[in-house]
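>>> Provided below are the primary sequence and the corresponding predicted coordinates.
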Amino acid sequence: MRFSHILPLFLISLRAFAEAPPLVIAVQPLDLVKKERLDCMKKGLEKAYGLPVEILPVLPLPPEAWYAPRSRYRAEKILDFLNRKADAKYQIIVGITSRDISTTKDEHPDWGVFGLGQLGGRACVVSTFRLGARGADEDKLRSRLAKVAVHEVGHVLSLDHCPQAACVMQDAESSIVTVDKETGEFCNTCKAASLASLEQKR
């Protein structure tokens with residue numbers, strides 16, 4: 001008789017697990033982005049996190065994110081937009097734009113960035129605007145894009161910046177040279193942390 005109560009609870013838990021939506025990374029283009037760049041970012045994210053990546057239909061950049069004094073878009077407002085617009089089934093959302101983006105950094109009220117992610121949140125955004133620096137060709141730009149995307153999703157998974165040289169979670173400190181030196185992969189510590197965070201999201 002004691003086990004008669006356990007079986008229904010087990011079946012309910014099993015059903016809830018079976019009905020839980022699979023964990024997917026959603027990529028949200030925020031203007032016209034080259035297909036080859038989207039494909040490269042998709043492959044980079046799939047390799048880094050072992051999750052399927054779904055590219056969503058294009059949306060325009062939110063007008064409220066426009067920062068007229070510097071003719072660019074505020075990244076944190078783009079994140080607010082992504083959180084509002086993206087379907088609730090997506091627990092990880094990566095916005096991508098070709099336009100310049102910025103945020104507040106230390107004493108700088110408006111600092112241009114490669115990307116921005118919500119630490120332990122749901123959304124991040126990357127921009128290709130600065131990834132062509134130092135005369136980079138298209139292949140180099142795509143390599144940088146994949147690294148930045150993996151880095152920002154790492155923040156969504158609660159990973160902070162890593163002091164380990166070449167780890168993809170290393171703080172670029174606004175230098176494209178740092179991005180180029182990164183392997184695009186996690187150090188052992190960050191890899192373990194990302195896997196643990198993904199398990200919590202499942």
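Looks like it arrived, so ask away.
>>> could you use CA atoms for every contact and neighbour count after this?
OK.
>>> centre of the chain versus whichever strand or helix holds residue 73, how much separation?
Mapping residue 73 onto the secondary structure by DSSP states H and E places it in strand 72-74. Taking Cα atoms, centre = their mean, to the nearest Å, one finds strand 72-74 lying 18 Å from the centre of the chain it belongs to.
>>> contacts for the following helix or strand past it?
The first helix or strand that comes after strand 72-74 along the chain, using DSSP H and E, is helix 75-85. Residues lying outside helix 75-85 but in contact with it, judged by Cα atoms under 8 Å, 6 or more residues apart in numbering, are 61-62, 64-65, 93, 95, 101-103, 115-118, 122-125.
>>> can I get helix 75-85 as CSV, trimmed to CA atoms?
What follows is the C-alpha trace of helix 75-85 in CSV, where atoms were taken according to Å, rounded to 0.1, in the frame of the first residue of the first chain:
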residue,chain,number,x,y,z
ALA,A,75,22.6,47.2,-26.1
GLU,A,76,20.7,46.9,-22.8
LYS,A,77,17.5,48.2,-24.4
ILE,A,78,17.9,45.7,-27.2
LEU,A,79,18.1,43.0,-24.5
ASP,A,80,14.8,44.3,-23.0
PHE,A,81,13.3,44.1,-26.4
LEU,A,82,14.4,40.5,-27.0
ASN,A,83,13.0,39.5,-23.6
ARG,A,84,9.6,41.0,-24.5
LYS,A,85,9.4,39.7,-28.1
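>>> so where is the protein shaky, pLDDT-wise?
When the per-residue scores of the chain are filtered using pLDDT under 70, the ranges that remain are 1-21.
>>> tell me the secondary structure at the residue nearest the centre of it.
Most central residue of the chain, judged by C-alpha distance to the mean C-alpha position with Cα atoms, centre = their mean, is residue 153 at 3.1 Å. Remark: residue 153 carries the secondary structure label helix [criterion: DSSP: H, G, I helix; E, B strand; the rest coil].
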